[in-house]
Structure formats: C-alpha cells, structure tokens
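Novice: okay, predicted coordinates and the sequence, questions at the end:
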Amino acid sequence: MRSTVIFIVLLVLACSYQTVYPSDALEHEFEQGNEYYEQGDYTSAIDQYHRVLSTGVENPVLYYNLGNAYFKTGQLGYAIAMYNRGMKYDPRNDDLRANLRFARQQMIDKVDPAERNPIWNWIKGTILNLTANEWSALTSFFFLVIILIASWMIWSRKRTSILKGLLTFVIVLFVVSSIGTGINVHLNFFTPKGTIVTPEVSVKVGPGDDFDEQFIAHEGLTFEILNQESGWYQGVFDNRLKGWVRISDAVKI
Amino acid sequence: MRRAVCIFLFLILIAGGSLIAQDVTISAGVDKSVVGLEGQIVLEITVSGTAQDLPEPVVPRIDGFNVYSAGRSMRTSIVNGAVEASVSYRFILTPQRTGKLTIPPQSIEYKGRKYSTDPIEVTVVNTSSSQSQRNSSQIQNNSQNRSSNDVGTNDFWVEAEVDKDTAYVNEQVTLTFRFYQGKRLHSSPDYDPPSATGFWVEDLPPQKNYYKTIRGRNYYVIQVKTALFPTAPGVKKVGKAYLKIKEDDLFSLFDRDPFGFFERKRASRKPIELETDPIEIVVLPLPETGKPENFSGSVGDFRMTTSIDKTEVEVNQPVTVTVKVSGEGNIKTLPEPEVPEVDDFRVFSSGKSENVSKAGYVVAGWRTFELTFVPKKPGKFKLPKISSNYFDPDKERYLVLDGREFEINVTGVSNEEIAAQNNVPRNRFDLVAKDIRYIVTGRKGTESWGGLYIHDTVFIGINTLFAAGLLAVWVVRRRQDKLEGDVGYRRQKRAVKMAKVRLSESRRLAGQDKREEFFAEISRALTEYVGDKFNTSAFGLTSEQIRELFDEKTVPDGLKVSYLEMLEACDRARFAPSADHQAEMNEMLDRAEKWIVQFEDVSK
C-alpha cells in the first residue's frame, strides 16, 4: 500500500514535470503576433509567430495562429502545413480541425485516396486521435495497474479467477496501448511528410528539371517523403502516385 | 519576308493614291578577282528597285566555273518616302581551269525591259594561295561559309549554311553543317556545334552521309542539321562551328621521301581543326498589324482540337477538357491556353504532355493541355470555347485557333442546398463556412510541448520504479514465506534482534545496579543467541555442548574462547562480590556486544 502511494506521488511529479512555463519575453512576442493579426497585419504576425517558433516552442495553438495568418495572406500551402503540424500535438483540437478542413476545401487538387484496408484506416484514425504522449501515458497507466494487481496477488497469496481474468485483461490493454504508442510515434515523428507551398508545381519523374513531368500539383497537397536527393523530395501522394518535388516548393510538416 | 515587303509596299501605294516609279536595277560583284584553281569565289547579283515583284535572276551558266546557289538576302529602305527593296542572290563559283575567265553579263527581264550587269573578269591561278584572301570579303551577310585546311589543300573542308538569313521571331531557321572528306581519316571527327545565343536550339536527326563529286573529285559528305528558333528580333549571329579531325596519311607514304616516314607519320596524326565562318541572321519582329491582344507568341502552322472526357457529371466531380495543338513550329514553347473563368465552376490546369517529331528536318508535333472544370451546382452548362492564336510566317498574318464548345449536364445537389433543405445550418456549419475560425489568444501559445515521454528519463524512471516495486513485493513475500515455514531460518534471522533486546534489558539492570540479575541476563542473551544461531534449544546448554557446537560449525578459536570466558565470568560474578560493580557490568556488556558483532561477521 505504501509503495502504491509512492508510485502515485511519482506519477503526479512526472505530470508536473511536463509543464515548463515560458518566459515573459516569449509571451510578449506571441501576444504581439496576436495583436498584429487582430490589426490585419498578417505578414508581421507571421514574423512574430516565427520568432516564438525559433526558440524551440512546439505548440498547437502557435501553429494554429500561424496557419491562420498564412491563410489570410493567401499562402494556402503554408497554412495547411502549419495546421498539420499543430494536429500532431493536439489532434482533437476542434478549431484546428475546422480550419484545416476549410483550407483543404480551397485546394485545387482533390486527390482520391487510394483504396486501403478499411480496418487499417479505422485503426490509423483511432491511433491518430490521441497524441503520442497520451498513448505513452495510457501505456504507463496500464503498466501500473498490472503492477498493482500482480503485487496484490503476490502479497495476499490470492489467485482467484477474477484476479487472474482482470490481470489478463489489463495486460491485453497494455499491449494494445504499447502498439498504439509505437504506431503513433512512427506516423507522427518518423514518417516525414511535406506540403506543397508553391501555387503550381511540376512533379517530375526524377530529381531534376531535366526529367519529364509526372503531373501538375497545386499548393496544399500533402505527400509522404520517401527520399531526399540533390535538392528534391521523392514523395508518394494519397493516390499512391510517386514523384519528385523541388525542396523549395514544399515544406516539411 | 519578300511577301511582307510587298504587302507593305502595296499598302503604301493604296494610301498614297499615287503610283511610285517602278525602277529596277541589277548589279553583280565578286569577292575577289584572283583565285587559285582549288579556291572559290562568291558572285553576288543584286536586284533592286521599287517594284512589288522584283524579278529573280536564273542560276547563271559560266564557262570555266561550276556554279552553286548559296542563298539570298533582302534589304528594304525608305528614302524620302520612297520604299526601295533589294534582293541579293549569291553563287559560289569554283574554277575548272586556269587563266583569265570572264563572268558574262547577268540579265533579268522586267515588264519587257531587259536589265544586265557588266561582265567581270577573274584570273584563275594554279595555286591555292588565293584562299587566304577570303577574309577580305566584299560581300556582307553571306549565308554560306566554307573553310578548308591549308595542309590538306581541299582534302577536307567544312561549310555551314542556313536556309534563310531573314526570319521572324520564333520561326524555324535550319542550319546545315557539312563536312567534305576527300581522304581517309585516322579517327572519327569531333564536331563542336556553333554557339547560338539568342536562339532556341533543336537538333534535327538523323545525320546524313553521302558522296558528292566536286571538280571531278569524289567527296564523302557528312551533313548535320540543327533547327534554330530566334527568341528576339535583331541581327543575331550563329557562331563558328568547329570540327577536329586526324588525317590518315598512309597512302602518301610512297610518293614522298621514304626516310621521313616516322616524322611525317607523327605529323599527320596531329589534329586539324576546321571551322566555319559565323553567320548573321536578320530576325524580324512580328508585325504589329493585326496582332491579337492576347497573342500567344506561337509562330508556325498549327491546328487545334478539343475533347471532353464526360458530359454527364455530378456536383463537385471534375470534367476534363483536353486541348491538343498540333502542327509545325516550336512545339516545346507552345503556351498553355488561357484558363477561362466560369461562374459556378472551379477551373484549373491539371496536366500537359507533348510529342515532338522532326521528320523532314522540320520541327513539328503536338502538345496537349488538360483543363479541369469542377461544377459547384447542378444544371446544364456550356463550357467556354478554348481558343488560342499564332502567327503564320508563310502567310505573314495572325490566325486564330478555336476549340469546340461543350455542353455538360450536372446532376446532384449543391452543398448550400443541402444545408438549406436540412434546415440545420449549425450542424452543417463547416459546409457553409465563409472563412477560417479566429486565432486563440492567451498564454497557451507559448507553453512548451516538452518532447516525447518515451524519450524522457523521468518517464522511463517512473516505469522502472513500477517494475522495481513489483520485484520488491515478490522478494519480501518470498522472505516472509521462508521465515514462516522454516523455524531454524527464522531463529537464525531473529538471533541478533533477540540478543539486542536482552542486552538492552541487561543495560537497564546495570543502570539499576542489579548485579546478579544483570549477569544472569547477559548469560541468557549469549546462550540464547548461540541457540538461535544453531537452531538448538538454549535451555540446559552446557559449556561442553557449546564447545562441541562451535567445533562442529568451525567457529574460530578466538571467538570460541572469548565466548566461554564470558559465560564463565557471568557465572562467577553472580556469586562472587566485586568492588566496582558498575565498571564490571559495563565492561561485560561491551564485551558481549562486540562478540555478537564479530560472530555475525564471521557467520555471514
């Protein structure tokens, strides 16, 4: 019982560890950006938000506001890229979702996603509905429950079928959440993606201007980066078409 | 060009309302009057005048010369309102024999009148020295250039010519390079094409190889063609073309000094560089008369076809119109047709492709453009005609290309109507949203995310602690199980604790100066400690039994002796009085404690 209390105390400490408060100067920069936005000076707002970003802050609200400022200056590709970045850290943010959807409606390209296994699509959607850290915390929680149940069974010498069933159930949840953590981290942090930011881009069959054109893509179109070579990204688009895009025509999410 | 001038002259005549005198003159000149038998001279015949249709001289037949046509050029000048055009025709003359030869008068007929040039005398000498005089050319804008290497005396030479020396911007000018080879080569020639700044260049394969007899000598000719498309008006220069060759001198071994074989052999393998003269091309700007406002810049002869992939479509589903422009001209620079703005549709360019053919050394082919129309609401719609334009240099006028007009039927319901029909605008908010949502203000925007938990040492540490907790529970439980199930083990583990309790009690007795009870308690503590350690009953343990136990457990002699001495001292003290009770008791207590510590160390 005493060890359980220690664990809970440590868990609370761990949660409080995640909160690092910004300096006043940083807060001022962000608020200044918001003021520029309110005044309709979106270009200055973009500069201001980028100043905050340059300090290493990764925050969904910052990306949301920056995406809005880009949208207002007509830079649809950058806006979609910033909304997508924000979604990595807060996938259930209603404002982010709404503005990303609205921005995508303005895109010229309507790419029909290639048909995939609907079960995989559901699993992927569910996994991406939580952040990587939420999955990690969930996994850690199930691990703690396993420890508590197992400890109780050892200490009390009770091996009832209810306890055994409960332990098996929590172990299954732990395994599922571990897999969820792994897939989420892989998709969000180890699968680089890019968004086209130039109004019209000639997607080539090879990494260079001399190669033939594969198709024309427009700003906002997002692709998975497979490779990078001499100033070009090799990307695979939602319809499984592959092509090479000049790095200066895209921004990494 | 000539047609353009004629039209221009005609307009001036009409506008002026008066006829201008139609004087025609003809003149002839050569670039040099003395030429070697292996050399060549250029004869230029110029016809000039104010007439619309200046007559053209026939290719002259000149006794003692082979005559080759070398193109023509045209100049137009306006002096005091009078327009005068002059056309120069060039001919290459290669002598057939030496001596004084006369180029007879060249004549033309115009409106029944005959115009003639003066005869020209040319001296043909039996050397090739006159080749060097070629540079002092009297004729400008010659469109054929020939060079020969001095070493081979016309065994090899190269020439470059263009099919026209006056062209419109973006009109094809074909540059022909020829290499005349009269002897065998040691290795393949190395061709360095001319620089063509101000031109879009397209190679025109295939290379043509053939034999040609010139002055009774058979030459192997290699011909390479290139299409040039001028990009801007003005006088543009095509630079020198170079050809590096290595002559194979094997056949001349026997008619020269046999002792100079190796030296000559080495010399003959030296590369010879042949070069053509640069060529000037007059690039005319496209006429302003009749030029459409949205002129595409295309020059050539083109046709346009349009097709549509479907005419029945649902709202938000794309319809693709394919525009195909084909014909002769610079296909690669054909611009994309303008994307028309259509109400109720989103329109964008979705692809293009091209195919260029160079059959007959003319750049031709087709280019397709795909335009996608996405309807926003249902109904019958006419898509706008796609049109383009180009300039035809042969007809010297601008022409319009028109595509078909397509009618499409759009079915389905627009998003706005769905929202209106359902009368639940709140639930369909995003479908009718006109703008993005507002920014978020406050501190939230600068809170640092902090990185992935799985990379965080605290997170990893906490989970490790969870695992360690389980391990600790298991270890404690196991120890307890052992204590409960094994009396000997329990007594052994509790021996020190029990001994400490008894020694503590002894200390209390010493404090109360109860000497007899103190030594009895010390004796009991020591005996029970040993009993616990060896899991034997302490009750009735004699010194002899203890010694046997110590021997059995291989307790060191020092400890053994010390223990027995302490027991003996306790027995003795209980019955023998002492002067200093307190010091004696403290010493015994201290000794007993030390002995237990030492025994614990040894028995570990």
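Specialist: Sure, I can see it.
Novice: buried ones in stretch B:513-527, by neighbour count?
Specialist: Residues of stretch B:513-527 classed as buried: B:514-515, B:517-527 (neighbour count, 16 or more other Cβ atoms under 10 Å in any protein chain shown). (C-beta placed from N, C-alpha, C; glycine too.)
Novice: and the contacts of it?
Specialist: B:499, B:502-503, B:505-506, B:509-510, B:538, B:541, B:546, B:563, B:566-567, B:569-571, B:573-574, B:578, B:581-582, B:584-585, B:588-589, B:592, B:595 (Cβ atoms under 8 Å, 6 or more residues apart in numbering or on different chains).
Novice: quick one, which of those are buried?
Specialist: B:499, B:502-503, B:505-506, B:509-510, B:538, B:541, B:546, B:563, B:566-567, B:569-570, B:573, B:584-585, B:588-589, B:592, B:595.
Novice: give me the subset of those residues that also touch chain A.
Specialist: For chain A, no contacts are drawn from the buried ones among the contacts of stretch B:513-527 by Cβ under 8 Å from any Cβ of the partner chain.
Novice: narrow those residues to those in helices?
Specialist: Judged by DSSP state H, the buried ones among the contacts of stretch B:513-527 include B:499, B:502-503, B:505-506, B:509-510, B:546, B:563, B:566-567, B:569-570, B:573, B:584-585, B:588-589, B:592, B:595 as members of helices.
Novice: tell me which other helices or strands the longest helix anywhere in chain B touches.
Specialist: Assignment by DSSP H gives helix B:457-485 as the longest helix of chain B. Under the contact criterion of 3 or more Cβ pairs under 8 Å, 6 or more residues apart in numbering or on different chains; DSSP states H and E, helix B:457-485 touches helix A:2-17, helix A:132-156, helix B:487-511.
Novice: nearest to residue B:412, of those?
Specialist: The closest of these to residue B:412 is helix A:132-156. By Cβ to Cβ, the value is 39.9 Å.
Novice: what packs against that closest one?
Specialist: By 3+ Cβ pairs under 8 Å, 6+ apart, helix A:132-156 packs against helix A:2-17, helix A:161-189, helix B:457-485.
Novice: strands of the stretch 251-400 of chain B, residue ranges please.
Specialist: Taking DSSP state E, counting those that start in this stretch as the criterion, the stretch 251-400 of chain B contains strands spanning B:271-275, B:279-284, B:300-308, B:312-314, B:319-329, B:345-357, B:364-375, B:379-383, B:387-392, B:397-402.
Novice: those: lowest mean pLDDT?
Specialist: The minimum mean pLDDT among those belongs to strand B:345-357 (a mean of 79).
Novice: parallel or antiparallel, which strands does it pair with?
Specialist: Strand B:345-357 has the following strand partners under DSSP bridges: strand B:364-375 (antiparallel).
Novice: ok and the strand it pairs with relative to strand B:379-383, angle-wise?
Specialist: Strand B:364-375 runs at 150 degrees relative to strand B:379-383, counting by axes from the mean of the first three to the mean of the last three Cα atoms, to 10 degrees.
Novice: now the angle from the one helix or strand residue B:517 maps to to helix B:487-511?
Specialist: Here residue B:517 is covered by helix B:515-533, with elements defined by DSSP states H and E. Using the same axes, to 10 degrees, the direction of helix B:515-533 lies 170 degrees away from that of helix B:487-511.
Novice: quick check: mean pLDDT of helix B:515-533?
Specialist: For helix B:515-533, mean pLDDT rounds to 89.
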